[in-house]
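> Following is a predicted model, sequence given first.
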Amino acid sequence: MHRAVRLLIPVAVVFAASCGAPDETAQPSSAPIGGASGTELAAVQVLHRGNAAEPQTLDPHRAEGVPESNILRDLFEGLIDASPSGELIPGVAERWERSEDGRTYRFTLRADARWSNGDPVTAADFEFSMRRTVDPATLSRYASILFPIVNAEAIVNGDKSPETLGVTAVNERELEIRLNAPTPYLLGLLTHSTTYPVHAPTVTANEGRFARPGQLVSNGAYVLDEWVVQSHIRLRRNPNYWNNDKTTINEVWYYPLENQDAELKRYRAGELQIANNLPYNQLTWMRENIPNELRIAPYFGSYYFGLNLTRPPFAGNRELRAALAMAIDRQIITEKVTGAGEIAAYGWVPPIAGYAGQQPEWAQWSQAERDAEAERLYAQAGYGEEAPLTVELLYNTSENHKRVAAAIASMWKQTLGVNTRLVNKEWKVFLDTRAAKETEVFRAGWIGDYADAYSFAQLKHSTNVQNDSGYKSDRYDALLDAAAAEPNPALRADLMQQAEAQLLEDLPIIPVYFYVSRHLVKPWVTGWENNVMDQHRTRHLAILKH
Amino acid sequence: MLRFTLSRILGAIPTLLILISLSFLLIRVAPGGPFDSEKQLPPEIEANLRAAYNLDEPVVQQLGRYLWNLAQGDFGPSFQYRDFTVTELIAGSFPVSLRLGAMAMLLALSLGVLAGCVAALRQNRLADYSVMTAAMTGISVPNFVMAPLLVLVFAVWLGWLPAGGLGDGSVSHLILPVITLALPQIAYIARLTRASMIDVLRSPFIRTARAQGLTPLTVLIRHAMKPALLPVVSYLGPALAGIITGSVVVEQIFGVPGLGRFFVQGALNRDYTLVMGVVVFYGTLIVVLNLMVDLLYGWLDPRLRR
């Protein structure tokens, strides 16, 4: 018996030891949320948030993705900040002045801004930081977002030294930013992580490795407490933050959860109070069972199909492009295929304040009218029952993309008789194929970096690396260049609207829908407001008694 | 024995060199690169990045550089997790995988051998049939089906166990992953033990032992167990490989921050250095463990000791 017993004991001990561990996230009691007043706070202010993927880095100047940005917004504060509803509000800068030509901004920093180690946050910190972002040695992949600033592009390309950047600390509390052209979206840009200040002494001392627990000095509402790669990142409240009095949550945990089904299960098991992204196939269940926890809101993103204009069949064939664009019934896509509340899109720029999104005339027609016109254009392009179009539709492997692609292929087949070959490729292979323009029709999506139509408009400029259609319109380029140099916001918006109208006339892309953000938030998490940039800083949230 | 051990260790070096060189070339041949992302890089920035990671050199030169650094114990920086070196990532995640794998192996061995013995002793009776049916089910249900099922029942409905992650590191977080990982191995080991035990129990030396008046349990433990376990021991190598590959899936589903998860994420992100690091590490580990299994086999079977 000896051997068998010896083998069994450790297992038994291990399993027995684990059963006694109490679970801190127990089921809610029967008391009303928020106590009798409805606003009473829970004794424990610890928040657990799902956060899609493991951050690549917490160096704000080298970060690029959404998961990184979510955490960095808690750790750092830029010159400008955003309210829970997404409006721009003063951050480290308490006020600013714009020169008449719109090319120079002077920011005055608040006197009480502090780093987590107690040092004051100065204009020199911002000067150091923005120079660091554009310095080629930093290897920032997002440095091009600062190209509106004087000399930024030349510095990134290695033609000028970082000291020549148009960002100057005038004195300890005054910072001047000089721009190549009036850039009305500058304030929105200053909420982006590439402009966040970093603490110069610790960065210089630990170059490349400063974004670690115990080393990272930050100026936001939280500091980095623990980082277990692929498990979690824990932030702790920063008592030196100037607005610390208004912060309620003491500790926040971010979990990298790529699998949306797993995330939903952990949310249902009470391990997460905020689920970051939801599986489409469970939406019906969520609508029936936890409707008041479901937070779906318009998101500044566009889901579309690109057409490769550099080769047949789409090169020089506007009729064919228009026929394919019109033959898609977007109501069916958004209601039956995706079904989370996405908005059927006929234009390129998602709805955003200060800009009138454009639509082609046929957006107002019924689908039957569109189909009839599509048939006419299809025939005009030289196709028909005897000579149907055969086209390849490329998408990156994903259940949702597959369903949308299949629906569109069947609409094209039914209305026009087009034979669509669906091809899916793994993400990186897909990106390579698309960038090499070895495509015919390809899936694409874009989320704006800042809340301004230009974040979308610039993508289709003929010189933009992101222009995967190979679209080149002199009029579009000229309108966009004019908009970039226009200080008057109304005139600028008008120029961009004309550009979008031109784009929709030329149709290098087929818009399908505008994204929505999809989250689950426990009913006792308060302070959450939907906003189009989908930013939810932890310092605006609180946990009610439950 | 010493010569045998030494020659096996020396023989492992070319195996590892071939493994490293092949993986190194293969991952670079795979389409797509570490710097591809939805937001495409301006050419100057991409050129800076390629130079910083020496990707602008010829592949052979890169391989030489990699081997040279590796000889000094340097796995290089991760392409994806830019604040960490590959050595740090492996050092942080391997203990988690080791704990998970060791617990799964222990569970598989103890339960598998026990169930196999019970089935053998009660051959063709109810206990035998139920063990073998359970084993068949365990082998047939893939872990990516078993894992969500266990989570649904034990975490979502019953609320007894965490649904995933590592939390504060308590063992309760490991129970479901360990069970998922161990189930197919338990089943396999139970079937192996049963078959071999039935065989051994029929041999003349067992009949002699019984004739001496020993109880069936003493016969089983003292005389039948050691020879009956031989096939199980030779299965340890494949079982280990099974647990390592299984952990790749299980860690992903349960969100356990182990080495397997890095392997999957590394491959998807084209994180060349991270994938190479995990390949080298697991390659070495499997070579070493196979060597240990050989030595263990020699101890169990005196005929092989010479």
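Cool, the structure landed.

> what number of residues lie near B:Asn54?
12 (other C-beta atoms under 10 Å in any protein chain shown). No exception for glycine: its C-beta is placed from N, CA and C like everyone else's.

> Same check on B:Ala190?
28.

> how does chain A divide up, domain by domain?
A:9-14+A:298-516, A:46-54+A:213-297+A:518-543, A:76-205 (automatic domain parsing).

> so B:Arg191 touches B:Ala120, yeah?
No - using C-beta atoms under 8 Å, B:Arg191 is not in contact with B:Ala120, being 10.6 Å away.

> With neighbour numbers in mind, choose between these two.
Between B:Arg191 and B:Ala120, counted using other C-beta under 10 Å, the more crowded position is B:Ala120 (23 against 20).

> what's the nearest residue to the more buried one if we skip its chain neighbours?
Closest residue in space to B:Ala120, ignoring its immediate chain neighbours: B:Met197 at 3.6 Å, by C-beta to C-beta, 6 or more residues apart in numbering or on different chains.

> Same check on A:Val134?
Leaving aside its chain neighbours, A:Val134 sits nearest to A:Ile155 (4.5 Å; criterion: C-beta to C-beta, 6+ apart).

> what's the answer for B:Gly33, then?
Closest residue to B:Gly33 apart from its sequence neighbours, by C-beta to C-beta, 6+ apart: B:Arg270 at 5.6 Å.

> residues in the stretch 351-500 of chain A within reach of chain B, list them.
Within the stretch 351-500 of chain A, the positions lying close to chain B (C-beta under 8 Å from any C-beta of the partner chain) are A:426-433, A:435, A:445-446, A:465-466.

> Just the buried residues out of the residues you listed, in ChimeraX syntax.
What follows is the ChimeraX syntax for the buried subset of these, where burial is set by 16 or more other C-beta atoms under 10 Å in any protein chain shown:
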select /A:427,428,429,430,431,432,433,446,466
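
> and which of the residues of the stretch 351-500 of chain A next to chain B is nearest B:Asp36?
A:Leu431 (4.2 Å; C-beta to C-beta).

> residues contacting the closest one?
If a contact means C-beta atoms under 8 Å, 6 or more residues apart in numbering or on different chains, then A:Leu431 has A:396, B:32, B:36-38, B:40 as its contacts.

> what do you get for A:Glu64?
Under the criterion of C-beta under 8 Å, 6+ apart, the neighbours of A:Glu64 are A:56, A:141-142, B:37, B:39.

> helix or strand for it, which one?
Take DSSP states H and E as the rule and A:Glu64 turns out to sit in neither a helix nor a strand.

> Could you check the pLDDT of it?
For A:Glu64, the pLDDT comes out at 85.

> So it versus A:Ala436, what's the distance?
According to C-beta to C-beta, to the nearest Å, A:Glu64 stands 22 Å off from A:Ala436.

> and the stretch 1-150 of chain B, which residues reach chain A?
Contact residues, the stretch 1-150 of chain B versus chain A (C-beta under 8 Å from any C-beta): B:31-33, B:35-45, B:48-49, B:52, B:80-84, B:89, B:92-93, B:103, B:106-107, B:109-111, B:113-114, B:117, B:148.

> Find the residue closest to the residue of chain B found nearest chain A in space, skipping its chain neighbours.
Going by C-beta to the nearest C-beta, chain A is nearest to B:Gly32 of chain B, at 2.7 Å. Excluding the flanking residues, the one nearest B:Gly32 by C-beta to C-beta, 6+ apart is A:Lys428, at 2.7 Å.

> cool, and B:Phe24?
B:Leu63 (5.2 Å).

> what's the helix or strand harbouring that neighbour packed up against?
According to DSSP H and E, B:Leu63 maps onto helix B:59-71. Judged by 3 or more C-beta pairs under 8 Å, 6 or more residues apart in numbering or on different chains; DSSP states H and E, helix B:59-71 is in contact with helix B:2-29.

> The helix it packs on vs helix B:59-71, what angle?
Counting by axes from the mean of the first three to the mean of the last three C-alpha atoms, to 10 degrees, helix B:2-29 lies at 140 degrees to helix B:59-71.

> Mind listing what's buried along the helix or strand following helix B:2-29?
Next helix or strand after helix B:2-29 toward the C-terminus (DSSP H and E): helix B:43-52. Within helix B:43-52, the residues that count as buried by 16+ other C-beta under 10 Å are B:44-49.

> Show me where the chain dips below the pLDDT cut-off.
If you meant another chain, say so; for now it's chain A. For chain A, applying pLDDT under 70 flags the ranges A:1-31.

> you looked at the wrong chain, it should be chain B
Using pLDDT under 70, chain B drops low at B:1, B:302-306.

> what sits against the most centrally placed residue in it?
Closest residue to the average C-alpha location of chain B: B:Ile244 at 2.0 Å, with C-alpha atoms, centre = their mean. With contact taken as C-beta under 8 Å, 6+ apart, B:Ile244 is in contact with B:101, B:260, B:282, B:285-286.

> Contacts for the helix holding B:Leu63, please.
B:17, B:20-21, B:24-25, B:28, B:54-55, B:57, B:75-76, B:276, B:280.

> Can you show me the CA trace of it as PDB?
Extracted as PDB, the C-alpha positions of helix B:59-71 are listed here (Å, rounded to 0.1, in the frame of the first residue of the first chain):
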ATOM      1  CA  VAL B  59      19.300  35.900 -41.300                       C
ATOM      2  CA  VAL B  60      22.400  33.700 -40.800                       C
ATOM      3  CA  GLN B  61      24.200  36.600 -39.100                       C
ATOM      4  CA  GLN B  62      21.100  37.000 -36.800                       C
ATOM      5  CA  LEU B  63      21.200  33.300 -36.000                       C
ATOM      6  CA  GLY B  64      24.900  33.500 -35.200                       C
ATOM      7  CA  ARG B  65      24.200  36.500 -32.900                       C
ATOM      8  CA  TYR B  66      21.300  34.700 -31.200                       C
ATOM      9  CA  LEU B  67      23.400  31.500 -30.600                       C
ATOM     10  CA  TRP B  68      26.300  33.600 -29.200                       C
ATOM     11  CA  ASN B  69      24.000  35.400 -26.800                       C
ATOM     12  CA  LEU B  70      22.200  32.200 -25.900                       C
ATOM     13  CA  ALA B  71      25.500  30.600 -25.000                       C
END
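
> Just give the number of residues close to B:Gly116.
28.

> so how far is A:Ile296 from the residue of chain A found nearest chain B?
Nearest residue of chain A to chain B: A:Lys428, at 2.7 Å (C-beta to the nearest C-beta). In this view, A:Lys428 and A:Ile296 are 30 Å apart by C-beta to C-beta.

> likewise A:Pro312?
Applying C-beta to C-beta, the value for A:Pro312 to A:Ile296 is 41 Å.

> same deal with A:Leu146?
A:Leu146 is 33 Å from A:Ile296, by C-beta to C-beta.

> Contact residues of the stretch 51-200 of chain A facing chain B?
Counting by C-beta under 8 Å from any C-beta, the stretch 51-200 of chain A sits next to chain B at A:54, A:56-59, A:62, A:64-65, A:136, A:139-144, A:156-158.

> and what of the stretch 201-350 of chain A?
Residues of the stretch 201-350 of chain A found near chain B (C-beta under 8 Å from any C-beta) are A:208-209, A:211-212, A:228-232, A:255-259, A:261-262, A:265-266, A:268-271.

> now, which of those residues lie within strands?
Members of these lying in strands (criterion: DSSP state E): A:228, A:232, A:255.

> Neighbour count added to those residues, as TSV?
Converted to TSV, those look like this (neighbours: other C-beta atoms under 10 Å in any protein chain shown):
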residue	neighbour count
A:Val228	16
A:His232	21
A:Tyr255	25
